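Student: Predicted coordinates and the sequence they were generated for:
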Amino acid sequence: MHEEPSSTPAGSHNPRNNPRQHKKPTRRSAAPTQHLSGSGPAPAGSNHAAQSAAASTAGSPSSAPQGRQRHEVAASSLGESNGAARRSAHQASQAAPSAGSSAQAPASSQPLSPEAAARAAYDEYAAVTEQPYPGSATAHGAQRHAGYAGYAATNPRVNPARKTTDQAAPYADYTRYTKKPKKKAGIVSVILTVVILGAIGAGVFLYLNPPSFNTVVNGMTCTVDSGTTVADLIADGVVSPEPGNLVAVDGEVIEEGKGTPFTATINGEEVVDPATAVHKNDTVQISAGTDIMEDYDAKTVEKKPKTTTLGEGAIHAIITGESGTVEKRTGKISGKTVKEVTKPVVNNTYFSYNANTGDDKVIALTFDDGPWPTTNELLDVLKEYDVKATFFTIGEQIADYPDAMKREVKEGHQITTHTWDHASGSGNGVDLTLMSPEEQVEEVTKGQEAVTSVTGGEAPTAFRAPGGNFHDDIIWNVAPYVSYEIGWNVDTEDWRTPGADVIADRIMSAKSGDIVLMHDGGGPRTQTIEALKIALPKMIEKGYKFVTIDELLAYDDAKALAEEAQKAQDAQDAAE
């Protein structure tokens, strides 16, 4: 068993200075555990630790205050006590009986708990110094707490954390240690941001609303102040427009300078208000003002259209006019009276012209007085040469030849009316002008209804009057139902049966835009059919095409042609 020397030189407690203590480390036995837990006598090494603590206390400077000396001694002694406790445990393990001896090993070989180790350290420390209650030894004489209970109760290193009511155990709420607090912008950052934004806003405002800028006035670039108006430009002499005058109803000046002060546009848009502001890069145009007419009393008078006849040609367009209005004005200042046309009169115009087909070589073949027993033979010839024609039919005969009428529709021919019964009765079978207005209208409308019964569609408004008798009042009597009366440029007079060759020669005499008159009823039409067999292949060889009346009418704007003809007529009348 190791014995403590009676006289220990300074520093002999260091294992490096004591060869006998420099042994191979061994696992601690359970004996020190039993002593440190308070169940056995204190080891011999503890007295040595106490003596070292006392020597350390005795050697401290006397000039230090007593309270400071005691706390320094306590701290030093506590550290040495912990070391002494560990050395005592080691010496006890060296002195323990070997295996097979009669000494009994401690019942428990578990390592010391933190609290037991702390208690052992305190016992060693308390042996050499009195341990005050930390923080309670004050000048006011607060009661001390002796022993380990007081020490452990206040020492945070040995006082285990305890959970109180409504309090989370230490580290139980992990997020409270990991959650980063939100950073709050400092007042300097806020002020700096406000200043920057304010500067940007001011810059944008000055850019959009500069104190002065350039603008173009009447073609010249001028620098003007912000807020300058049209009136300012005139007042500052940038422009000097002449104002208009106050005039009478007849245009005579009543008072100068009493018209509009100026006429202006900004970027092409008219400006009336002189307080209108100009802006950067605007284009301003300011010119003289306009005259203002005096106030007047007015009376409106309607003017009926007149009927005029213009032009020459095979196509007769019926252009219905419109009434106009004339305003009678009497000035309130001048007392003068004038007449002003407020709506021009459009006269009723019967305008004749020929189709202008340009470079197109087209001809319109027309057949009157059908249908007839030979109509199907005529359709066979037209089909053979792929020729389209227009049939001016007698309304009362349509129902007798349904097959021929269906063929005309199916094969693309145009069907229109040649009146209901060819002006029979009071018209002597040939002249509508001899009939009453009511009879004239009936002849046209009944014939159109018969056409509709075959085609299933609205009848064309182009028709042909029997014998070509269409003039004077009948034009305007039937105008609500008819837009064109179709004449002819070439009359083959096939109804006279002059022979197939003669008829063929007359057909081939037609030019581009012409209308050729033939018949498919009213008598035998074999010569007409034979003449077509002769003429059609020859004309096709010359490059001619054959169109319907509606297709021919589509080449021109009859109303525009009539207006031009009227202007020419007016100019001629004025020259005379």
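Tutor: Here it is on my side, so go on.
Student: Parallel or antiparallel, list what pairs with whatever helix or strand residue 302 lives in.
Tutor: Secondary structure assignment for residue 302, by DSSP states H and E: strand 296-303. Applying DSSP bridges, strand 296-303 is found paired with strand 324-331 (antiparallel).
Student: which residues are in contact with the partner strand?
Tutor: Residues outside strand 324-331 that contact it (CB atoms under 8 Å, 6 or more residues apart in numbering) are 248-250, 294-303, 305, 336-346. C-beta here means a position set from N, CA and C on the backbone, and glycine is covered the same way.
Student: phi, psi of the closest residue to residue 533 other than its chain neighbours?
Tutor: Excluding the flanking residues, the one nearest residue 533 by CB to CB, 6 or more residues apart in numbering is residue 381, at 5.8 Å. Backbone torsions for residue 381, taken as degrees, to the nearest 10, come to phi -70, psi -40.
Student: How much space separates residue 381 from residue 216?
Tutor: 75 Å (CB to CB, to the nearest Å).
Student: same thing with residue 520?
Tutor: For residue 520 relative to residue 216 (CB to CB), the value is 75 Å.
Student: Those two - which one has more neighbours?
Tutor: residue 520 (28 against 15; other CB atoms under 10 Å).
Student: Now do the contacts for that one.
Tutor: 367, 368, 369, 370, 371, 372, 374, 375, 378, 391, 528 are the contacts of residue 520 under CB under 8 Å, 6+ apart.
Student: Over to residue 408?
Tutor: Neighbours of residue 408 in contact, by CB under 8 Å, 6+ apart: 371, 375, 379, 391, 415.
Student: how's the chain carved up into domains?
Tutor: 15-174, 181-206, 212-293, 362-555 (automatic domain parsing).
Student: Okay, strands next: where are they in the stretch 351-500 of the chain?
Tutor: For the stretch 351-500 of the chain, the strands defined by DSSP state E, counting those that start in this stretch occupy 362-370, 390-393, 414-417, 462-463, 484-486, 490-491.
Student: now for these, which one comes closest to residue 506?
Tutor: Smallest distance to residue 506 across these (CB to CB): 6.1 Å, for strand 490-491.
Student: what helices or strands is that closest one leaning on?
Tutor: helix 500-508, strand 515-519 (3 or more CB pairs under 8 Å, 6 or more residues apart in numbering; DSSP states H and E).
Student: What strand or helix carries residue 191?
Tutor: helix 187-208.
Student: Tell me, what's the model's pLDDT at the residue lying closest to residue 404 once chain neighbours are set aside?
Tutor: Nearest non-adjacent residue to residue 404, counting by CB to CB, 6+ apart: residue 375, 4.2 Å away. Predicted confidence (pLDDT) for residue 375: 97.
Student: Number of residues surrounding residue 375?
Tutor: Neighbours of residue 375 (other CB under 10 Å): 23.
Student: for it, what are its contacts?
Tutor: Residue 375 sits in contact with 401, 404, 408, 520, 521, where contact means CB under 8 Å, 6+ apart.
Student: and the gap between it and residue 406?
Tutor: For residue 375 relative to residue 406 (CB to CB), the value is 11 Å.
Student: just residue 199 next, same as before
Tutor: 90 Å.
Student: cool, residue 196 as well?
Tutor: Distance from residue 196 to residue 406, by CB to CB: 90 Å.
Student: For PyMOL, what selects the buried ones among the contacts of residue 408?
Tutor: Per 16 or more other CB atoms under 10 Å, the buried members of the contacts of residue 408 correspond to this PyMOL selection:
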select buried, resi 371+375+379+391+415
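Student: Could I get the contacts of residue 408 in TSV, plus columns for distance to residue 237?
Tutor: Shown next, in TSV, are those (distance: CB to CB, whole Å):
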residue	distance to residue 237
371	87
375	88
379	86
391	80
415	78
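Student: which one of the contacts of residue 408 is nearest residue 258?
Tutor: Of the contacts of residue 408, the one sitting nearest to residue 258 (CB to CB) turns out to be residue 415, at 68.6 Å.
Student: ok, now which ones touch the closest one?
Tutor: Taking CB under 8 Å, 6+ apart, we find residue 415 in contact with 390, 391, 393, 405, 408, 409, 451, 454, 455, 460.
Student: Weed out the non-buried ones from those residues.
Tutor: 390, 391, 393, 405, 408, 451, 454, 455, 460.
Student: what pLDDT does residue 71 get?
Tutor: pLDDT recorded at residue 71 is 41.
Student: meant to ask about residue 109
Tutor: At residue 109, pLDDT is 50.
Student: swap in the one 10 residues further on?
Tutor: On pLDDT, residue 119 comes in at 73.
Student: Check residue 203 too.
Tutor: Looking at residue 203, the pLDDT reads 72.
Student: what's the neighbour count on residue 253?
Tutor: If we define neighbours as other CB under 10 Å, then residue 253 has 13 of them.
Student: Please name the nearest non-neighbouring residue to it.
Tutor: Nearest to residue 253 is residue 245, by CB to CB, 6+ apart, at 4.9 Å.
Student: right, so the helices and strands packed on strand 490-491: which one is the most enclosed?
Tutor: With neighbours defined as mean count of other CB atoms under 10 Å, the helices and strands packed on strand 490-491 peak in mean count at strand 515-519, which reaches a mean of 23.
Student: Show me what that one pairs with in its sheet, parallel or antiparallel.
Tutor: strand 362-370 (parallel), strand 490-491 (parallel).
Student: for stretch 217-237, what is the average pLDDT?
Tutor: The model assigns stretch 217-237 a mean pLDDT of 92.
Student: Pull out the buried positions in that stretch.
Tutor: For stretch 217-237, the buried set under the neighbour-count rule, 16+ other CB under 10 Å, comprises 217, 222, 224, 228, 229, 230, 232, 233, 234.
Student: And the nearest residue to residue 484 once chain neighbours are set aside, how close does it get to residue 349?
Tutor: Distances taken as CB to CB, 6+ apart place residue 462 nearest to residue 484, at 4.0 Å, with adjacent residues excluded. When distance is defined by CB to CB, residue 462 is 17 Å away from residue 349.
Student: Report the beta-bridge partners for residue 293.
Tutor: residue 247.
Student: wait, it sits on residue 247?
Tutor: Yes: judged on CB atoms under 8 Å, residue 293 makes contact with residue 247 at a distance of 5.7 Å.
Student: neighbour-wise, which of those two wins?
Tutor: Applying other CB under 10 Å to residue 293 and residue 247 shows that residue 247 carries more neighbours, namely 21 against 16.
Student: what about that one, distance to residue 253?
Tutor: Using CB to CB, residue 247 is found at 5 Å from residue 253.
Student: shared neighbours of these two, anything?
Tutor: Contacts common to residue 247 and residue 253, judged by CB under 8 Å, 6+ apart, are residue 291.
Student: Next, please give the residue ranges for the helices of the stretch 151-300 of the chain.
Tutor: Using DSSP state H, counting those that start in this stretch, the helices of the stretch 151-300 of the chain run over 175-178, 187-208, 230-235.
Student: which parts of stretch 472-489 are buried?
Tutor: 474-475, 477-478, 481-489.
Student: Identify the residues contacting residue 256.
Tutor: Counting by CB under 8 Å, 6+ apart, the residues that residue 256 touches are 245, 246.
Student: Let me fix that, I meant to ask about residue 461.
Tutor: 481, 482, 483, 484.
Student: Residue 480 versus that one, what's the distance?
Tutor: From residue 461 to residue 480 the distance is 10 Å (CB to CB).
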